[in-house]
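In: got a structure for you, letters missing:
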């Protein structure tokens, strides 16, 4: 066996060497120490040079032996002896290390923390919690919770026992347990710890409470956040500025912007000065709900209180203005931001680029892309995704391909969103082959197709009348464990209705019910259009009643579908009855309404009535289109004369 280097001569007990040879040294020997090495003669020769030192399993382990190994950092010996170190020895060693938590952490790491029993684990965590850095404690707490072996109550109780053994007076260990639960996104466990602390008469630290409030906010459990906040108030846990900022965020998420604004006054009354995060949270709340003017009031108050706005403040305004379509104001806000020395981020520019893309102003969108590059900001994958999407919507396929190439040249890797945009774009253009090629490419690059990907593919197959392939793809998706959503079902139902497969379309509606996917007005409008194509207008009418029974409100498309169905069949009395019903519930007739009625009247050779409707639609500011005039030509002799158009 290869000899091991002796690192600490105090670990030797020279008078127990098997061969009788001795190793001389001047180091003081502890009586409790055991032999760790023995010299073993080489059986082939008596040459002393061939004798080696090899490790020997100690016959006895004592607390002092273990502590000496720990203090001399001989972790390889600790690891080697781990299976012989009893819980009693571990407990004694950890208790002795309570003033050196770093060594305690090294010790339990090398003996295998995961293999310890719950008492040893909690004692170790109690010792290590004294370290200035809380990361080691949190690491071990999370490992213990995540193991699934113990419930949170067991861990809490054993930590309490460990506190008693060590005589710890503070309750930081419980606060760390709450924090660990929050970092693991286990809000209910964290709240249970809070309750157990309360039961012991222990007041949790506000930082632990803030961790829980923040988790409940991020997980959209605002009701739970209010329950906790009420308990904090009852227990007289003093809220910090962070606490107020979180609760203001909760109010904004709930849409209670007026109440959020009132919290500023409450903070000031309690002597807590609102900071930039406080104001930014409320400003973002107003802007995200399209209430930029309300945000301006908070902005003015912020400046009045001497709190300087930052990049996030201006970013919220720019985002809100873009949502309202006020792109020039948003651009002006960007310039103001620069004037006061704030540097826009890529996110700021992306917001403006997205705004101009949505407006169809590609020139301005690309202009901001170029401007961010000049200012030293690299366009992100999101930047390119927005531009590619806008180009596809504008049917500029070649330019979109150019942007994809540029993206690749800059070393940016397309993500699932990029591929979804490309696949959707080619699907909308009817290019099935290209769409499926991209689908195969994304899989080959390790990017998993999403529900959005498959919805686009089902859409293009349906539009091309390739329903067998669409159905096969749908079944494949379900087998893969991808849960179909409303949009996917609507795309497939639309395909079957358009291709006259009404039985299959209604079978899909039943499947939606079984999968608890709630249909919407689009679902029923599609089915109604399918029934009307079959000439079964009464069956379509029944679908409106089913919509109402399901709590789905028919929209103007629903009524226009029925009006069109009756008109094509020449049942004008029923068509006008539906028109009147539509008016009675607050829907104004649209161009489609008038066109359907005029077409039906002209088909029935009721030209005079059609003329009256034409006058009515013009008086309501609805401009006739080609379909209107084509119908009128059939029912009215001289349309130009009727409209008062004279030949020059």
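Out: Great, that's in hand. No experiment lies behind these values; they were computed from the predicted model shown.

In: And residue 302, which helix or strand is it part of?
Out: Using DSSP states H and E, the secondary-structure element containing residue 302 is helix 292-304.

In: tell me the mean pLDDT over that helix?
Out: The pLDDT scores in helix 292-304 average 94.

In: Ok, stretch 271-288 next?
Out: Stretch 271-288 shows an average pLDDT of 96 in the prediction.

In: Report the buried residues of the helix holding residue 302.
Out: When neighbours are counted by 16 or more other Cβ atoms under 10 Å, the buried residues of helix 292-304 are found to be 292, 294-295, 298-299, 302. To be clear about C-beta, it is placed using only N, CA and C from the backbone, and glycine gets the same treatment.

In: Closest one of the residues you listed to residue 409?
Out: Within the buried residues of helix 292-304, distances to residue 409 taken as Cβ to Cβ reach their minimum at residue 292, with 38.3 Å.

In: Is residue 69 in contact with residue 77, as I believe?
Out: Yes: A contact is recorded between residue 69 and residue 77 when judged using Cβ atoms under 8 Å, the distance being 5.3 Å.

In: for the buried residues of helix 292-304, which one is nearest residue 337?
Out: Using Cβ to Cβ, residue 299 is the member of these that lies nearest residue 337, at 12.5 Å.

In: show me the contacts for the closest one.
Out: By Cβ atoms under 8 Å, 6 or more residues apart in numbering, the contact list for residue 299 reads 279, 283, 309, 313, 317.

In: now the closest residue to residue 292 other than its chain neighbours: how far from residue 331?
Out: When the adjacent residues along the chain are set aside, residue 292 lies closest to residue 320, with 4.6 Å between them (Cβ to Cβ, 6 or more residues apart in numbering). From residue 320 over to residue 331 the distance is 14 Å, taken as Cβ to Cβ, to the nearest Å.

In: In terms of neighbours, single out the busier of those two.
Out: For residue 320 and residue 331, the more surrounded residue by other Cβ atoms under 10 Å is residue 320, and the numbers stand at 27 against 17.

In: tell me which element the more buried one falls in.
Out: helix 311-323.

In: now the angle between helix 292-304 and that helix, please.
Out: With axes from the mean of the first three to the mean of the last three Cα atoms, to 10 degrees applied, the angle from helix 311-323 to helix 292-304 works out at 160 degrees.

In: which parts of helix 311-323 are buried?
Out: Burial within helix 311-323, assessed by neighbour count using 16+ other Cβ under 10 Å, is assigned to 312-323.

In: counting contacts, what elements does it pack onto?
Out: Helices and strands touching helix 311-323, as assessed by 3 or more Cβ pairs under 8 Å, 6 or more residues apart in numbering; DSSP states H and E, comprise helix 276-288, helix 292-304, helix 327-339, helix 346-358.

In: Run the chain-centre distance for it.
Out: With Cα atoms, centre = their mean, to the nearest Å as the basis, the distance from the averaged C-alpha position of helix 311-323 to the chain average is 21 Å.

In: Give me the contacts around it.
Out: 276, 279-280, 283-284, 286-288, 290-292, 295, 299, 302, 327, 329-330, 333-334, 336-337, 342-345, 347-348, 351-352, 354-355, 358.
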